[in-house]
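Asks: attaching a predicted model along with its sequence, questions to come.
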Amino acid sequence: MWHWLVGTIRTYPEISIFLTLAIGFWVGKLKFRSFSLGVVTSTLLAGVLIGQLHITISPNVKSTFFLMFLFAVGYSVGPQFFRGLRGDGIQQVIFAVFVCVCCLLTAVVMGKLLHYGIGLTAGLLSGACTISAVIGVATDNINQLSLPADQKKSLIDLIPIAYAVTYIYGTAGSAWFLSSVAPKLLGFDLREECKKYEAEMGKTEAQDSLQSAYRELGVRAYRLTNKNSVGRRVRDLEAMLGERTCVERIRTSTGIIEAEPEVLLNEGEVVAVAGRVRVLVAKSDAIGPEVDDKELMDIKGEPLDVVMTNKAVVGMTIGQIANLELGQMGRGVFLRKVVRGGQEMPVTPGLKIERGDALTIVGATRDVARAAKYLGYVDRPTEMTDMVFMGLGITLGAIIGAITIKIHGIPIGLSTSGGALIAGLVCGWLRSVNRTFGRIPGPALWVFNNVGLNTFIAIVGIGAGPNFVSGIKANGLGLLLSGIVITTVPFILSMYFGKYVLKMKPPILLGACAGARTTTAALGALEEAAGSNVPALGYTITYAIGNTLLTIWGVVIVMLMK
């Protein structure tokens, strides 16, 4: 039975890929307290285990999935990458470049000191800096070297060994260091600094509900009996109630009508008022007694995701947008959350809205539709992916990346993988500029990103399996210690650079450290320790720059270690 199973897998190697993915995703989700291997590391180790069966898989399969992954990465961060190159983001761009250069130089220095050579040093950079894409980019560039095929394979097989040893501390160690050690080294209380920053941005205890306003909204009906309300226009009553309270509908003697701003309110009429419940309760006496009128309060509403594209309001703060005198644009509309680059931002009146931000607004259907039309593009759920856009993007990027120029006999080029990344950046940016084409829904992007990466990693592990154990025995401890150095030293240098040279706010500085090192786990640990998502303000631009530069370092490190 066993011999038949092994023979079948060797005959049909695609089976081994799916088996590796199944094991990797299952083990990667297991947790011991707060510790988890993560899907990528688990998939690599599962591939190594299955690779002991000496299975041969075409390298074209690996390259195909890797190009898919890199394009998805570029597409995701493209808007933040190009936005960061101008305006207020330039400080974070400089910081991210500094972090990435420190990571590269630290890896090269450790590789030279310990005589690790190209393969192990590339794996060190990839694992300790948690940038899995370096495995593929370095592999592509090693294959371009003028070396015998067996020597190339030997170098390539060393990459996943160093990656596996160093990746765990690269992830867990980064989260621990940034959330627990870094604030002490810099001499500040992370939670207090976040509160202080939120206060500077205009957030108060009463405004904590801005992020969860939808749950605190309500609609109540009141009979107009108070003389201060009777005889007034709708807009006057709304102004008196304040805090963006909105009269939605009115029951008159002839029936129910929509409440337009200039409509006069008469004694005895019933008004349906939408707003924050605390406001409605506190100021109900200014209107009249509350009544139960289900028909009147049956207002159709919906949350709507709107991608900000209107140049007239991009760069404004939430407070400025809310106070714009643009007819009825914002009337009856409440902000639920702001998502930038996949990360939820702290919603305060002082938060600047950038092009490409996704705003979730709520209110009556007619109100949110009116606001959405002014603010930007309604991002409604869809299952369709623009495969023409994606296919052409990867094709053009890979062709451009395949072009190499020899300088003193050394081939210089992005490689097809680097080209796919750049193509993704451009395509993602184009999508943010014009939302009429190039759509890749979130679930599809998840597949391209996660399945693309982990299929690539699975094949790497399967191919490296036969030599993996001997490599661990020969270099394991040295790789582990080197990985700790490469993970930690760039953080220390960058923290002081950000604090004393760039004068960055402490919570944003630490968020930028996590972003430049593309470590989402570290951002999560920071937000948990801070009790705030202020650190996310430093994450998106630096993540875009870090993801791009650290991936490109896969080319550079091969050149430097040659």
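Replies: Done, it's in. This one's a predicted model, so the numbers in the text were calculated from it and none came from an experiment.
Asks: make it CA atoms for all contacts and neighbour counts henceforth
Replies: Noted.
Asks: got the phi/psi numbers for Val447?
Replies: Per-residue torsions, Val447: phi -60, psi -50 (degrees, to the nearest 10).
Asks: the longest helix in the chain is where?
Replies: The residue-count maximum for a helix in the chain (DSSP state H) belongs to helix 452-496.
Asks: so how far is it from its chain's centroid?
Replies: With Cα atoms, centre = their mean, to the nearest Å as the basis, the distance from the averaged C-alpha position of helix 452-496 to the chain average is 24 Å.
Asks: who are the packing partners of it?
Replies: With contacts taken as 3 or more Cα pairs under 8 Å, 6 or more residues apart in numbering; DSSP states H and E, helix 452-496 sits against helix 14-28, helix 39-51, helix 59-84, helix 90-113, helix 117-128, helix 149-168, helix 182-186, helix 506-516.
Asks: so that helix versus helix 59-84, what angle?
Replies: In terms of direction (axes from the mean of the first three to the mean of the last three Cα atoms, to 10 degrees), helix 452-496 departs from helix 59-84 by 40 degrees.
Asks: which of the helices and strands packed on helix 452-496 sits closest to Lys196?
Replies: Using Cα to Cα as the criterion, the shortest distance between Lys196 and these is 10.1 Å, found for helix 506-516.
Asks: now do the closest one: which elements does it pack against?
Replies: Other helices and strands packing on helix 506-516, by 3+ Cα pairs under 8 Å, 6+ apart, are helix 90-113, helix 190-200, helix 452-496, helix 520-530, helix 540-561.
Asks: repeat the analysis, applying 7 Å as the threshold.
Replies: Contact here means 3 or more Cα pairs under 7 Å, 6 or more residues apart in numbering; DSSP states H and E; on that basis helix 506-516 packs against helix 90-113, helix 190-200, helix 520-530, helix 540-561.
Asks: can you state the direction angle for it and helix 452-496?
Replies: For helix 506-516 against helix 452-496, the angle between stretch directions is 140 degrees (the same axes, to 10 degrees).
Asks: which other residues reach helix 506-516?
Replies: The contact list for helix 506-516 (Cα atoms under 7 Å, 6 or more residues apart in numbering) reads 96, 99-100, 178, 190, 193-194, 491, 498, 520, 522-523, 534-540, 542-543, 545-546.
Asks: list the buried residues in that helix.
Replies: Going by neighbour count (16 or more other Cα atoms under 10 Å), the buried part of helix 506-516 is 506-516.
Asks: could you do stretch 141-158 as well?
Replies: The neighbour-count criterion (16+ other Cα under 10 Å) identifies 141-145, 152-153, 155-158 as the buried residues of stretch 141-158.
Asks: measure it end to end?
Replies: Chord length of stretch 141-158, first to last residue, is 14 Å (Cα to Cα, to the nearest Å).
Asks: packing partners of the particular helix or strand that has Trp4 in it?
Replies: Secondary structure from DSSP states H and E places Trp4 in helix 2-11. Under the contact criterion of 3+ Cα pairs under 7 Å, 6+ apart, the helices and strands touching helix 2-11 comprise an empty set.
Asks: contacts for that helix?
Replies: Looking at helix 2-11 with Cα under 7 Å, 6+ apart, the contacting residues turn out to be 15-16, 55.
Asks: would you list the buried residues of helix 506-516 in a markdown table and tack on pLDDT and distance to Val263?
Replies: A markdown table is the format used below for the buried residues of helix 506-516 (pLDDT from 0 to 100; distance: Cα to Cα, whole Å):
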| residue | pLDDT | distance to Val263 |
| --- | --- | --- |
| Pro506 | 91 | 51 |
| Pro507 | 91 | 48 |
| Ile508 | 91 | 47 |
| Leu509 | 94 | 51 |
| Leu510 | 94 | 52 |
| Gly511 | 92 | 49 |
| Ala512 | 93 | 51 |
| Cys513 | 95 | 54 |
| Ala514 | 93 | 53 |
| Gly515 | 91 | 51 |
| Ala516 | 93 | 54 |
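Asks: just give me the residue right at the centre of the protein.
Replies: Nearest residue to the geometric centre of the chain (Cα atoms, centre = their mean): Gly342, 3.7 Å.
Asks: how close does Leu237 sit to Ile472?
Replies: Distance from Leu237 to Ile472, by Cα to Cα: 74 Å.
Asks: who's more crowded, those two?
Replies: Neighbours around Leu237 and Ile472, counted as other Cα atoms under 10 Å, are more numerous at Leu237. The numbers are 21 against 17.
Asks: pretty sure the more buried one is touching Ser229, no?
Replies: Yes - using Cα atoms under 7 Å, Leu237 and Ser229 qualify as a contacting pair, with a distance of 6.4 Å.
Asks: which residue ranges of the stretch 301-450 of the chain form strands?
Replies: Per DSSP state E, counting those that start in this stretch, the stretch 301-450 of the chain carries strands over the ranges 301-308, 333-340, 343-344, 358-364, 376-378, 405-407, 410-412.
Asks: switch the ones you listed over to a markdown table; also include mean pLDDT and mean neighbour count.
Replies: Written out in a markdown table, the entries for the strands of the stretch 301-450 of the chain read as follows (pLDDT from 0 to 100; neighbours: other Cα atoms under 10 Å):
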| stretch | mean pLDDT | mean neighbour count |
| --- | --- | --- |
| strand 301-308 | 82 | 20 |
| strand 333-340 | 84 | 22 |
| strand 343-344 | 81 | 17 |
| strand 358-364 | 84 | 23 |
| strand 376-378 | 82 | 20 |
| strand 405-407 | 68 | 9 |
| strand 410-412 | 61 | 15 |
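Asks: and these: which comes nearest Glu290?
Replies: Short answer: strand 358-364, nearest of those by Cα to Cα, at 20.8 Å.
Asks: if I take the closest one and strand 333-340, what angle do their directions form?
Replies: Using the same axes, to 10 degrees: strand 358-364 against strand 333-340 is 160 degrees.
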